[in-house]
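A.B. asks: sequence? don't have it. structure:
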Ligand SMILES: Nc1ncnc2c1ncn2[C@@H]1O[C@H](COP(=O)(O)OP(=O)(O)O)[C@@H](O)[C@H]1O
Ligand SMILES: Nc1ccn([C@@H]2O[C@H](COP(=O)(O)OP(=O)(O)O)[C@@H](O)[C@H]2O)c(=O)n1
């Protein structure tokens with residue numbers, strides 16, 4: 001049977017990963033972080049010294065992109081081949097170039113196929129899938145579709161808290177990544193049928209509660 005899909009989109013630092021992981025745990029659902037795959041491909045490109053502005057060269061990386069994920073205690077453990085890249089893909093040097101990889105249409109369609117396969121293979125009743133175009137492109141028929149937002153100021157403050165001072169991403173970097181990503185997919189306005197959840201004035205637990213409540217409301221479960 002197809003799993004219940006909870007699709008969550010939103011800009012950087014809105015809480016998509018952390019809130020989705022906690023909501024999935026409460027619901028007994030699986031969790032899929034689609035951004036991790038874009039980050040892993042960008043990491044591989046950097047590792048191989050590929051010019052990420054060269055779309056053909058980036059697409060060629062897909063032939064040799066042995067992407068594997070395993071659920072971990074704090075989120076997804078990401079491997080490329082035998083390499084554990086879980087931490088490396090979150091580094092600012094990857095955040096700085098991931099949008100270059102994500103803007104290539106052939107990359108998006110290949111990764112979307114992977115995401116749909118992973119969703120179909122879900123062994124539990126549901127899966128929370130988070131990214132930028134899940135409600136609109138990857139799973140537009142999802143039972144629950146949420147746009148998770150928060151003011152830019154709050155998103156930057158939340159994100160800076162996660163990074164070591166030496167790594168602190170500037171407000172400018174986050175703003176620039178959102179600006180470039182928004183040229184490819186619209187994750188700032190809710191598509192028809194998508195519920196906007198603004199977490200600016202909600203704490204973490206309140207945000208998770210709101211997602212779980214919406215899932216119960218929409219699925220009757
Ligand atoms: N409603 C909230 N209130 C306070 N902190 C939050 C809230 N939602 C998320 N956070 C925190 O903000 C940070 C960024 O969240 P994250 O899940 O990485 O965002 P995204 O995946 O959208 O980039 C994390 O430290 C997370 O724990
Ligand atoms: N569905 C998705 C998910 C991520 N992405 C790209 O992948 C990057 C990293 O996504 P992410 O979800 O890890 O980013 P954060 O919001 O966690 O910082 C984004 O900046 C986008 O360029 C995308 O294009 N489409």
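C.D. replies: Thanks, I have the structure now. Not measured: the values here are computed from a predicted model. Ligands and ions are numbered 1, 2, ... in the order given.

A.B. asks: For this structure, list the residues in contact with ligand 1, please.
C.D. replies: Contacts of the chain with ligand 1, taken as CB under 6 Å from any ligand atom, map to 10, 12-19, 158-159, 161-162, 199, 202-204, 207. Backbone N, C-alpha and C define where each C-beta goes, glycine included.

A.B. asks: List only those of the residues you listed flagged as buried.
C.D. replies: 10, 12-19, 158-159, 199, 202, 207 (16 or more other CB atoms under 10 Å).

A.B. asks: Go through the residues of the chain next to ligand 1 and flag which are in helices.
C.D. replies: 16, 17, 18, 19, 158, 159, 161, 162, 204, 207 (DSSP state H).

A.B. asks: Now for the buried ones among the residues of the chain next to ligand 1: which two are most distant?
C.D. replies: Taking CB to CB, the two most distant members of these are 12 and 202; they sit 17.8 Å apart.

A.B. asks: sorry, back to before: can you list the ones in helices among the residues of the chain next to ligand 1 in TSV and add distance to residue 78 and pLDDT?
C.D. replies: Listed next are those as TSV, based on distance: CB to CB, whole Å; pLDDT from 0 to 100:
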residue	distance to residue 78	pLDDT
16	16	96
17	12	95
18	16	95
19	19	98
158	22	89
159	19	83
161	22	77
162	17	70
204	23	98
207	24	98
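
A.B. asks: how about the nearest residue to residue 178, chain neighbours excluded?
C.D. replies: Among residues not flanking residue 178 along the chain, residue 11 sits closest, at 4.9 Å (CB to CB, 6 or more residues apart in numbering).

A.B. asks: I figured the one you found hits residue 149, correct?
C.D. replies: Yes - assessed by CB atoms under 8 Å, residue 11 is found in contact with residue 149 at 6.9 Å.

A.B. asks: Find the residues that touch each one of those two.
C.D. replies: Counting by CB atoms under 8 Å, 6 or more residues apart in numbering, the contacts common to residue 11 and residue 149 are residue 188.

A.B. asks: quick one on the thing from earlier: now the ones in helices among the residues of the chain next to ligand 1 as TSV including distance to ligand 2?
C.D. replies: Formatted as TSV, those follow (distance: CB to the nearest ligand atom, whole Å):
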residue	distance to ligand 2
16	6
17	6
18	9
19	11
158	11
159	7
161	13
162	10
204	15
207	15
